[in-house]
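>>> With the sequence up front, the predicted model follows.
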Amino acid sequence: MSALENLPDTDHGLLRFLTCGSVDDGKSTLIGRLLFDTKTILADTLHAIEKTSAKRGMTAVDLSLLTDGLQAEREQGITIDVAYRYFSTGTRKYIIADAPGHEQYTRNMVTAASTANLAIILVDARKGVLTQTRRHSYLASLVGIPHLVVAVNKMDLVDYDEAVFERIKADYLAFGAKLGIKDVRFIPLSALNGDMIVDRGERLSWYDGPTLLEILETVPAAHTEQAENFRFPVQFVCRPHDSANPELHDYRGFMGRVESGEIAIGDAVTVLPSGRISSVRDIQIGGVSQLRAIHEQSVTLLLADEIDISRGDMIVKSAEQPQALKEIDATMCWLSETPMSPARTYLLRHTTREVKAKIAKIDYRLDVNTLEHEPVTTLAMNDIANLTLKLAQPVFADPYTDNRATGAFIVIDESTNNTVGAGMIR
């Protein structure tokens, strides 16, 4: 009987998760095995990778081809860009991000990790905890991924030895304690043979914990583990003008996505930055009224009072107001090939609000391999630093550790319109 048949029928919501680790630890093969064993690969896709595998002289299907999509990746046998895949088991929907392992693609991993709720950190059973393992663990904790799974892969190459698994587990726990990593689980597996991915297999009988899929199926979804404050950045103000329908003349709807928390008809709200107070008269989705709205729903709010509101404003519950900041302390990853210039003015985008910003000071650059602090005057691509930015107008923010949506921002080069930085407010 397949392990899938033993899973509960309840819907556990969408889970976004990330796979990362050192080069050749088997990230892409792991995802391929997960897709293959959950029977979510289309027949034509499977046929295509079977042909490619045969051309390479391989006797078995190379499941890593399911995620390594770029030609450059296939030629080098590594993952460069972030490969996203979608699948469903019937009890939960998934979005997988396969992050690159190389240090020069740190920016790619930060981008992939920013929306993940769980990270699978692969460790080669033959090599143990490496520098890249530590770096990826740090980056996962930096961007606030609440759940970590350390998957000790390639157990087939160490004869499924329990002592090897326990040694790696002890080494990682000693390192993780320094980072303050709390929620971490360990699982031995073989992505190549499928042991402990979806089915348990027969060669890891000494491990009595859940399979990888069982962990994925039961981990809490985003926004569900603690109460969150209501945050509604306004994206668009809807004012229809239809002379044939006079009822729409006074319609003023504020459209956007509930980034966190929930709202119900009758709740008292405050509009920022004006500070005007009102209450929710109606909540609509697709023109249909709803009694309430929750996190990640795109809705239209109608207020009881006529208030001048525009894109970039934020509607919050009156008792749950965020800080209005014109100076922010942040941890930022520089994404651009062009180094950061403290003399320049950049555009900072926070939720739907855009303001001009300058780098006031750089406290230090973090060496992601040693975690040492280094004094710098500028940032190069993939650098991560703690710094202070001064803003021309306030943003309405929460610390990133409290709210990933309102605690994050990106930095844009006005001359090219390129995204050059991504940051988290401390």
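Alright, I've got the coordinates. From a predicted model like this one, the values you see are computed outputs, not experimental measurements. Residues are numbered from 1 along each chain as shown.

>>> Which strand residues bridge A264?
Beta bridges link A264 to R292 when assigned by DSSP bridges.

>>> Okay, it and V355: tell me how far apart.
Separation of A264 from V355 (C-beta to C-beta, to the nearest Å) stands at 31 Å. Just so you know, the C-beta spots here come from the backbone N, C-alpha and C atoms, and that holds for glycine as well.

>>> Between these two, which has more neighbouring residues?
Each of A264 and V355 had its neighbours counted (other C-beta atoms under 10 Å), and the higher figure belongs to V355 (18 against 13).

>>> Counting by contacts, list what the helix or strand containing the more buried one packs against.
Following DSSP states H and E, one finds V355 within strand 353-366. Where contact means 3 or more C-beta pairs under 8 Å, 6 or more residues apart in numbering; DSSP states H and E, strand 353-366 is packed against strand 345-350, strand 373-374, strand 384-397.

>>> Doesn't D171 lie inside a strand?
No: D171 is assigned helix when assessed by DSSP: H, G, I helix; E, B strand; the rest coil, not a strand.

>>> from now on call the first residue 23
Fine by me, first position is 23 from now on; the one you just mentioned is D193.

>>> That one reaches V151, doesn't it?
Yes: between D193 and V151 there is a contact at 4.6 Å, judged by C-beta atoms under 8 Å.

>>> This structure: helices as residue ranges?
For the chain, the helices defined by DSSP state H cover 49-59, 65-77, 93-98, 128-135, 153-164, 184-201, 234-240.

>>> Just name the most buried of those.
helix 49-59 (a mean of 24; mean count of other C-beta atoms under 10 Å).

>>> Before we move on, what's the pLDDT of the closest residue to D304 other than its chain neighbours?
For D304, ignoring the flanking residues on the chain, the nearest one in space by C-beta to C-beta, 6 or more residues apart in numbering is L324 at 4.1 Å. You'll see L324 listed with a pLDDT of 97.

>>> Please tell me I have it right and L324 contacts R303.
Yes: counting by C-beta under 8 Å, R303 is a contact partner of L324 at 4.7 Å.

>>> When those two are compared, which one has more neighbours?
Per other C-beta under 10 Å, whichever of L324 and R303 has more neighbours is L324, with 16 against 12.

>>> how about that one, what does it touch?
Taking C-beta atoms under 8 Å, 6 or more residues apart in numbering as the criterion, L324 is in contact with 273-276, 302-306.

>>> Work out the gap between stretch 148-165 and the centre of the chain.
Taking C-alpha atoms, centre = their mean, to the nearest Å, one finds stretch 148-165 lying 17 Å from the centre of the chain it belongs to.

>>> pLDDT weak spots in the stretch 173-322 of the chain?
Under the criterion pLDDT under 70, the flagged ranges of the stretch 173-322 of the chain are 263-271.

>>> what sits against T153?
Residues counted as contacts of T153 (C-beta under 8 Å, 6+ apart) are N391.

>>> what's the domain layout of this protein?
If you go by automatic domain parsing, the domain ranges for the chain are 25-240, 253-339, 345-447.

>>> So which bits of stretch 358-368 are buried?
Within stretch 358-368, the residues that qualify as buried are 358, 362, 368, counting by 16 or more other C-beta atoms under 10 Å.

>>> How much space separates the last one from R114?
Same thing as Y368. Distance from Y368 to R114, by C-beta to C-beta: 39 Å.

>>> Return the set of buried residues in stretch 130-150.
For stretch 130-150, a neighbour-count test (16+ other C-beta under 10 Å) marks 130-147 as buried.

>>> go on, stretch 35-46?
Residues of stretch 35-46 classed as buried: 37-45 (neighbour count, 16+ other C-beta under 10 Å).

>>> For these, could you give me JSON lines that also reports pLDDT and distance to F58?
Converted to JSON lines, those look like this (pLDDT from 0 to 100; distance: C-beta to C-beta, whole Å):
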{"residue": "L37", "pLDDT": "95", "distance to F58": "19"}
{"residue": "R38", "pLDDT": "94", "distance to F58": "21"}
{"residue": "F39", "pLDDT": "95", "distance to F58": "17"}
{"residue": "L40", "pLDDT": "91", "distance to F58": "20"}
{"residue": "T41", "pLDDT": "89", "distance to F58": "15"}
{"residue": "C42", "pLDDT": "86", "distance to F58": "21"}
{"residue": "G43", "pLDDT": "78", "distance to F58": "20"}
{"residue": "S44", "pLDDT": "74", "distance to F58": "23"}
{"residue": "V45", "pLDDT": "70", "distance to F58": "22"}
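
>>> ok, the residue positioned nearest the centre of the chain - contacts?
Among the residues of the chain, the one closest to the centroid is T137, at 1.8 Å (C-alpha atoms, centre = their mean). Neighbouring residues of T137 by C-beta under 8 Å, 6+ apart: 38, 426.

>>> got it, and L238?
Contact analysis of L238 by C-beta under 8 Å, 6+ apart lists 37, 39, 114, 116, 140.

>>> For the third one, which non-adjacent residue is spatially closest?
Counting by C-beta to C-beta, 6+ apart, R114 lies nearest to H34, which is 4.5 Å off, once chain neighbours are set aside.

>>> for the one you found, what are its contacts?
Listed by C-beta under 8 Å, 6+ apart, the contact set of H34 reads 113-114, 239-240, 243.
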